[in-house]
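Asks: What follows is a predicted protein model with its sequence.
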Amino acid sequence: MTLQGKHVIIIGGSTGIGRAVVDDVIAAGGIATVGSRSAEKLDRVRAEHGDRVKTATVDVTDEESVRRFFTAADPADHLVVCPGDMAVGSVTEVGTEAIRASVGTKIIGQFWCVRHALPRLADRGSIVLVAGGAGFRAFAGMPIASAANAGIGGLGPSLALELAPRRVNVVVAGVVDTPLWDFMPEEVRRGFYAEAAERAPVGRIGRPADISATILHTMDNDFIDGAVIPVDGGALIS
């Protein structure tokens, strides 16, 4: 892998899939700058990886916060954007704040990260955006989550054309055991995971490392561009 000595900026890197990316980048010999809304979680990342990581708080729903983050960042070879958010509820039930948070994080926030990262990103660097499988398979009770994730699927290939020779790819994560689902009571969450595992041809749900492995591959392989890559155990075809 050609990440030895490379600098990767990971937005949403203090937990879940993003944290797995941080760990794998460091293991591959790279260095990381990690952005997150939680200073406490960032402290844990820095405590584990020491001077191989830099951290700073950032709120992707606030463009000025995003601009400040990237203005202070060192030049980078790759950008990974995977802030998590979940708006659950039917068309008559989902709340206004949840709608704004989901769209603001998933589409607008990822867009702002790309915009303000460009002055820091290598001319032949890469960008990986992370979407959820709800945008690519219909689920009742998740219209906003579906729309927000589908929007990332449209954003990535368009940016790939616009930003060439920088590469832009989208990794679509299936159901993965991360804190994103902690809003569910434990018993309900276990049942949800079991149903998702049963639907998937591979017979299990994902781990953060499953998604991270593909993210690192898209950074490493400079012949992957404009792709929307599902990593979901086959759930989208079942």
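Replies: That came through fine. Fair warning: this is a prediction, and the values are worked out from it, not measured in the lab. Residues are numbered from 1 along each chain as shown.

Asks: tell me, how many neighbours does residue 177 end up with?
Replies: 15 (other C-beta atoms under 10 Å). All C-beta atoms are positioned from the backbone trio N, CA, C, and that covers glycine.

Asks: Does it touch residue 193 like I think?
Replies: Yes: between residue 177 and residue 193 a contact is recorded at 6.8 Å, counting by C-beta atoms under 8 Å.

Asks: Find residues that contact each of these two.
Replies: By C-beta atoms under 8 Å, 6 or more residues apart in numbering, residue 177 and residue 193 have these common neighbours: residue 205.

Asks: Buried residues, whichever strand or helix holds residue 102. List them.
Replies: In the assignment (DSSP states H and E), residue 102 maps to helix 96-103. For helix 96-103, the neighbour count (16 or more other C-beta atoms under 10 Å) marks 98-99, 101-103 as buried.

Asks: swap in stretch 16-31?
Replies: Buried residues in stretch 16-31 (16+ other C-beta under 10 Å): 16-26, 28, 30-31.

Asks: Those residues into CSV, with extra columns for pLDDT, secondary structure and distance to residue 68?
Replies: What follows is these, written out as CSV (pLDDT from 0 to 100; DSSP: H, G, I helix; E, B strand; the rest coil; distance: C-beta to C-beta, whole Å):
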residue, pLDDT, secondary structure, distance to residue 68
16, 94, helix, 24
17, 96, helix, 24
18, 96, helix, 19
19, 97, helix, 23
20, 97, helix, 26
21, 98, helix, 22
22, 98, helix, 21
23, 97, helix, 26
24, 97, helix, 27
25, 98, helix, 23
26, 97, helix, 25
28, 96, coil, 28
30, 97, coil, 24
31, 97, strand, 21
